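Undergrad: requesting a structural model of the entry that follows:
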Amino acid sequence: MEREEKMREELLRRTRIPKEYWPPEDAWPYVKPTRFVEWTEEFNLARYLVERNVEEGRGGKPAIFFEKEAITYDELSRASNKLGSSLKRLGIRSGDRVAIRLSNRPEFVISDFAIQKIGGIVVPMFVLLKAPSIAYILRDAEVKTIIVEADLLDEVEKAGVGDLEHIIVFRGTKAHKEKGYLLWEELLEEGEEDLESEDIYYHDVAMIHYTSGTTGPPKGCIQTPVGLLGHVAGTVNRAGIREEDVICISPPLPFAYGHALLMYTFYVGASCVLLERFTSEEFLTQAARYKATVLAGVPTAYRMMLPEMRDYDLAEVRLLMTAGETFTEELESALKEVFPKANLFNFYGYTEMWNFIGTIPGVHPPTSLGTPYDEYEVKIVDEKTGEELPSGKVGVIMARGAAGALYWRLPDKQRELVRDGWFRSGDLAYRDEKGIVWFKARDVDVIKSSGYLIAPYEIEAVLSRHPAVAMVGCIGIPDVVKGEIVKAYIKLKPGYEPGDKLVEELEKFAEERLERYKVPKRWEFIDEMPTTLSGKVLRRGLKEMEFKRTS
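TA: Residues are numbered from 1 along each chain as shown. Sure thing, here's the model as predicted:
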C-alpha cells in the first residue's frame, strides 16, 4: 500500500476541498490509473472529452442528437466555453460544488462540461427527487450554485435556497429574474467563446454522485478523473463501442449509468441520442430516425418497448446494453428474435466504483455478469471470514483496480466497505469453472429460511417469465418456525385479474422451475411496484409496506 499512501499524501497537498472530507487513511482504496489514457498529473476531464475530439478532426461531427436537432463537437465546445466563462464571472471557482437538476437535454451536457472546465465539481440531481432529498444533498455537498429547469424549481424552493449563492434557471422567465434568479439562456448568450480550462490534480474530485438510496440515505460518492476514465476505458473496450456508433440513451443522465453513457460516447468520438422524457414510442422513434447502432437501457425499459420494436426500422442496431440488473433468459430470447444479428452486453458496478465487470458480447451469456475488466481484480469472499472462495461457492463480490470507492464525508461507511484497498460490494455472487461471475442477490436482500440462503433475484427471474406478470419483487417475512418465508409481490399485466386461481397457477409455475424451499409461501397483488429512480424493484419499499401492515 506504499504507492497508495504516497498518492494520498500528494492528493491532500493539492486538493481543493477540505482534507477531512476525504476518506480516512486506514480505509483508502487501491487505485491504479488506466493505461489507455495518456495521463498528466494536471488534467481537465471536460477538455479531454470535448476539445480532444475537435483537435482530432471531429469538430463538425454530431456529438448529440436531440429531437430534430444535431449539436456538433464544435458547437458543444463553444457552448460549454461560453457558459463556463459566465459561471466564472459569477465568482464560481475551482472546487466549488455546482448542482445540475435538468432533464436529458443538451443543456445538461453543456452545463456539466462548463462546470468542469472552470474546475467546479459537478453534483448531478435526479429530476424525481423531492425536497427532503434535495435539501440533504445541497447541505451535504455544500452546494453554492444550482442549475435547474423552471419546471423542476418548485421542489428546490421547498428544500430551502437560503445557502445558495446562485440559482440559475433554464427556461426561466422575467418572474424568476424578479426573485433574483439568473437565466441560463442569458448566461450562455453573454459568455465568451475563449475559455482557458482549469486543470485539477488527476486524483482530485471531478463529480459527486449520490446513490439512489436502495440501502439507506443517499451517499455521496467522489468521482475523480482517474476513476471515471478507468471505468470508461474498461467498458468501451469490453463492449466494443467505437467512433462510428450512435448510442440511444434512455437512463436519466444524473444516474451514474446515464452519465457514463455520455462519457463512453465522447471518449471514442461517437454520437449519442438524448430524450427529454423516456417513452417507448419516443425512444424507438429517435433510435430509428438517427439510425442508432447501440441501444442503452435497463431490462424494465426493454420489456416496455418489446411489443412495439418491430414497428420501427432498427436495422442498424448491433448492440443492446443494460446495467443495474442482468438480462433474464426470457428477455434475452425475446430481444434476439427482434435483433438476431445484435449482441447483448450486460455490465456490473456500483455508483461508488462505476463498472468493473462485464460480459464479452457474443461470448458470455448476457444473463451473467461476465468477467472482470482487464484492469480490475475481483474476488468472491466468505461473508464472515473474508477468505476467498473457490468456484461454485456463493460469497460477497470485492473489487479493486483502475477506480476506487471514495465516500464523501462518510468515514465510517468508508471503513465498513473498503478493506485493505478492496471495495466490498454488498452483492452475493459466484464464479463458475470458466471464471464467469453470476449474480445471486444483494446481501441485505437475502432471505434466510430454514437455514437456506435464498436470493430473491433468482425467484423474481423465474416469475417474471409468467405471462401474467408485469413486475415482481420478493422479500422475506418473519416465520416462527423457519425464521423467514418468501413472499412475492406481483404487479399484473393488463387483462389479468388477481385471485386464488392465479395464485395456484403461479405456485405451480414456480414449483416446476425452483427448488421447493424457494417457492413463495405468501402472495400479494399490487397496483404499483415501488422502484428506484433507475427503475429497479425497491425491495426496501416492499419491506416497509409489509412492516406497516403487520405493525
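Undergrad: okay, stretch 42-54 in CSV with CA atoms only?
TA: Presented in CSV, the C-alpha positions along stretch 42-54 are these (Å, rounded to 0.1, in the frame of the first residue of the first chain):
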residue,chain,number,x,y,z
GLU,A,42,-2.8,18.2,-14.0
PHE,A,43,-5.9,17.2,-16.0
ASN,A,44,-9.3,18.5,-17.2
LEU,A,45,-11.8,15.8,-17.9
ALA,A,46,-14.1,18.1,-20.0
ARG,A,47,-11.2,19.2,-22.2
TYR,A,48,-10.3,15.6,-22.7
LEU,A,49,-13.8,14.6,-23.7
VAL,A,50,-14.7,17.6,-25.9
GLU,A,51,-11.8,19.6,-27.2
ARG,A,52,-9.7,16.5,-27.9
ASN,A,53,-12.4,15.4,-30.4
VAL,A,54,-12.3,18.8,-32.1
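Undergrad: what does it contact?
TA: By CB atoms under 8 Å, 6 or more residues apart in numbering, the residues outside stretch 42-54 that reach it are 37, 59, 61, 63, 73-74, 76-77, 80, 112-114, 116-117, 119, 197-202, 206, 225, 228-229, 263, 266-267, 269. The way it works is simple: take the backbone N, C-alpha and C, and place the C-beta from them, glycine included.
Undergrad: list the buried residues in it.
TA: 43, 44, 45, 46, 47, 48, 49, 50, 51, 53, 54 (16 or more other CB atoms under 10 Å).
Undergrad: all strands of the stretch 101-250 of the chain, in order?
TA: For the stretch 101-250 of the chain, strands defined by DSSP state E, counting those that start in this stretch occupy the ranges 121-124, 145-149, 166-170, 182-183, 200-201, 207-210, 220-223, 246-249.
Undergrad: how about those, which one is nearest residue 326?
TA: Residue 326 lies closest, by CB to CB, to one member of those: strand 246-249, at 19.7 Å.
Undergrad: could you dump the strands of the stretch 101-250 of the chain to TSV with mean pLDDT, distance to residue 352 and mean neighbour count?
TA: Below are these laid out as TSV (pLDDT from 0 to 100; distance: least, CB to CB, whole Å; neighbours: other CB atoms under 10 Å):
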stretch	mean pLDDT	distance to residue 352	mean neighbour count
strand 121-124	99	15	26
strand 145-149	99	24	25
strand 166-170	99	29	22
strand 182-183	99	33	19
strand 200-201	98	20	22
strand 207-210	97	9	24
strand 220-223	98	5	24
strand 246-249	99	22	25
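Undergrad: columns distance to residue 21 on top of the ones you listed, output as JSON lines?
TA: As requested, those are exported to JSON lines (distance: least, CB to CB, whole Å):
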{"stretch": "strand 121-124", "distance to residue 21": "11"}
{"stretch": "strand 145-149", "distance to residue 21": "18"}
{"stretch": "strand 166-170", "distance to residue 21": "22"}
{"stretch": "strand 182-183", "distance to residue 21": "28"}
{"stretch": "strand 200-201", "distance to residue 21": "15"}
{"stretch": "strand 207-210", "distance to residue 21": "10"}
{"stretch": "strand 220-223", "distance to residue 21": "9"}
{"stretch": "strand 246-249", "distance to residue 21": "31"}
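Undergrad: lowest-pLDDT helix or strand in the protein?
TA: strand 452-454 (a mean of 74; mean pLDDT, DSSP states H and E).
Undergrad: can you pull out the low-pLDDT segments for this structure?
TA: Judged by pLDDT under 70, the chain has its weakly predicted residues at 1, 212-217, 443, 451, 453, 533-534, 551.
Undergrad: just want the angle from the longest helix anywhere in it to strand 166-170.
TA: In the chain, assigned by DSSP state H, the helix with the most residues is helix 73-89. Orientation check (axes from the mean of the first three to the mean of the last three CA atoms, to 10 degrees): helix 73-89 against strand 166-170 gives 150 degrees.
Undergrad: pull out the buried positions in helix 73-89.
TA: Along helix 73-89, these residues count as buried under the neighbour rule (16+ other CB under 10 Å): 73-88.
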